[in-house]
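**Student:** quick one: sequence and predicted model below, then my questions.
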Amino acid sequence: MKIVYPKDPSSESLLELAAAATSDIVFIGDSRVNIEPGERMFERMTQVMHETGAGLVYSDSVGHPRIECQRGAIRDNFDFGTVIAVRVKAISDLMETRWGALYDLRLRISEKHPIVRIPEPLYAASVVDSRPSGQKQFDYVDPKNREYQREMESIATEHLKRIGAWLGPHFERVPSPNENYPVRASIVIPVRNRERTILDAVQSALRQETDFDFNVIVVDNHSTDRTTEILRAVADPRLVHIVPHRKDLGIGGCWNSAIYSSHCGRYVVQLDSDDLYVDDTVLRRVVSELEHGPYAMLIGSYNMVDFSLKEIPPGLIDHREWTRENGRNNALRINGLGAPRAFDTSVLRNIGFPNVSYGEDYAVALRISRDYEIGRIYDSIYLCRRWEGNTDSALPLGTANRYDTYKDWVRTIEIEARIRRNAKL
């Protein structure tokens, strides 16, 4: 038994590798990495494949535990490690691809066979990408990777069609609200311990110039630094400072404190506690776009900046991969949808946020997109600060695995719901 290495990530290369196989299982490795198989890696992977009927088997490596591959784990950056065992018979009927052969293969395998993780360190491997999580997470929106992303979107779309989870561009009408609101719009800022940035964010929100009434709801999640003191010193009646009674709230729970409060406006617009709007016209423009659709949700575009607001790579993040025809399907493949996010409050109140601090916005966007069209603004209206205080700037592996597991679970639920919906049509 040995590890084989495709000459490149194309479908042609992978099919050539299968044609040259001398057994019913092939062990495919990453040629960029030095791999040291454990004493019984080949035997263990083979055993598990035969005993489970798996079409693909992967494992942990030394010092690198991985997560289970569930139905919703259709993102193209899922970490299978640098060695996988695959049934040779499964390597067939692939799309003609330049980069996505393994992605196409594993989605096709998942439609017919289990994909099984062995939670044992069966080999050692050098690090493929040593950048911190806060840098790697934006690779998929880098403009230089756009052709790659189009190919991956095509692969994911065909998979969703085959399993009955694809949704066409047909949307429900946004219902008229059946309640009154104190203001036309609310800017919501959840915060905990952001004494260095919270005043910048609040001032950016209060500087908005509109022809309608708005307020700024800051949900202060029991800060222990000077954040609370700074907020109490802001002498503007439009600032609503909420300190929740509960102490078990994540970011999603803080959002719920805002949207279900009596202060919440007809529309609600997101601003993170370390970010800024690009100018004083953002709120007016966002509300105008929401009403013009009308949309249940709107997502803007932003520039990546450092703490001093100097632009950093990859610069503008506009998520142009989102299209009216396929955006809500491609959303199942990627890990984020952009910022700032804005909502029709009456729709949002029917859904609510999950009480977590990672992926809460993604979960809501997927749920809304199942029914309604999401509007887009493709030029920058937001400055996203990347600095050492970001909660996702350099995640430990265990935390990153937990976050990825949660988002995969969110996608699993959404895929199942879409399949059930389509089956009723």
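**Tutor:** Okay, I see it.

**Student:** how about the helices in this protein?
**Tutor:** 11-19, 41-52, 101-112, 133-136, 146-163, 198-206, 227-232, 251-259, 282-292, 327-330, 345-349, 360-371, 397-424 (DSSP state H).

**Student:** in space, what's closest to Thr228 - neighbours in sequence excluded?
**Tutor:** Sequence neighbours aside, Asp220 is the residue nearest to Thr228 in space, at 5.6 Å (criterion: C-beta to C-beta, 6 or more residues apart in numbering). Placement of C-beta: from N, CA and C, glycine included.

**Student:** quick check: that neighbour touching His241?
**Tutor:** Yes: Asp220 is within contact range of His241, at 6.2 Å (criterion: C-beta atoms under 8 Å).

**Student:** please enumerate the shared neighbours of the two.
**Tutor:** Leu231 (C-beta atoms under 8 Å, 6 or more residues apart in numbering).

**Student:** higher neighbour count, the two?
**Tutor:** More crowded of Asp220 and His241, by other C-beta atoms under 10 Å: Asp220, with 24 against 15.

**Student:** ok, the more buried one - contacts?
**Tutor:** Counted by C-beta under 8 Å, 6+ apart, Asp220 has contacts 191-192, 227-228, 231, 241-243.

**Student:** at 7 Å what do you get?
**Tutor:** 191, 227-228, 231, 241-243 (C-beta atoms under 7 Å, 6 or more residues apart in numbering).

**Student:** what is the least confident helix or strand in the protein?
**Tutor:** None of the helices or strands of the chain scores lower by mean pLDDT, DSSP states H and E than helix 133-136, at a mean of 45.

**Student:** list the buried ones in stretch 86-102?
**Tutor:** Buried residues in stretch 86-102, counting neighbours by 16 or more other C-beta atoms under 10 Å, are found at 86-88, 90-91, 94, 97, 99-102.

**Student:** what do you get for stretch 249-262?
**Tutor:** 249-259.

**Student:** tell me the mean pLDDT for it?
**Tutor:** Across stretch 249-262, the average pLDDT comes to 98.

**Student:** rounded mean pLDDT for stretch 226-243, please.
**Tutor:** The model assigns stretch 226-243 a mean pLDDT of 98.

**Student:** make residue 1 into 126 and carry on from there
**Tutor:** That works, and once the first residue is 126, the last one we named lands at stretch 351-368.

**Student:** and that stretch, how far out from the chain's middle?
**Tutor:** Its chain's C-alpha centre and that of stretch 351-368 lie 31 Å apart, by C-alpha atoms, centre = their mean, to the nearest Å.

**Student:** returning to what we had before: which pair of the buried residues of stretch 374-387 spans the longest distance?
**Tutor:** Pairwise distances across the buried residues of stretch 374-387 peak at 14.6 Å for Gly375 and Ile384 (criterion: C-beta to C-beta).

**Student:** now do the domain split for the protein, please.
**Tutor:** Using automatic domain parsing, the domains assigned to the chain come out as 128-255, 326-338+387-549.

**Student:** nearest to Gly289, out of those?
**Tutor:** Between the domains of the chain, domain 326-338+387-549 lies closest to Gly289; by C-beta to C-beta that is 4.9 Å.

**Student:** what residues are up against the residue lying closest to Asp185 once chain neighbours are set aside?
**Tutor:** Nearest residue to Asp185, sequence neighbours excluded (C-beta to C-beta, 6+ apart): Pro246, at 4.8 Å. By C-beta under 7 Å, 6+ apart, the residues touching Pro246 are 185-187.

**Student:** at 8 Å instead, please
**Tutor:** 163, 184-189.

**Student:** in those, which residue is surrounded by the most others?
**Tutor:** When neighbours are counted by other C-beta under 10 Å, Ser184 leads the contacts of Pro246 with 25 neighbours.

**Student:** wait, that residue sits on Gly206?
**Tutor:** Yes: using C-beta under 8 Å, Ser184 makes contact with Gly206 at a distance of 6.5 Å.

**Student:** tell me, what's touching those two both at once?
**Tutor:** Common neighbours of Ser184 and Gly206 (C-beta under 8 Å, 6+ apart) are 191, 248.

**Student:** flag the shaky bits of the stretch 376-525 of the chain, pLDDT-wise.
**Tutor:** Along the stretch 376-525 of the chain, segments meeting pLDDT under 70 span 514-518.
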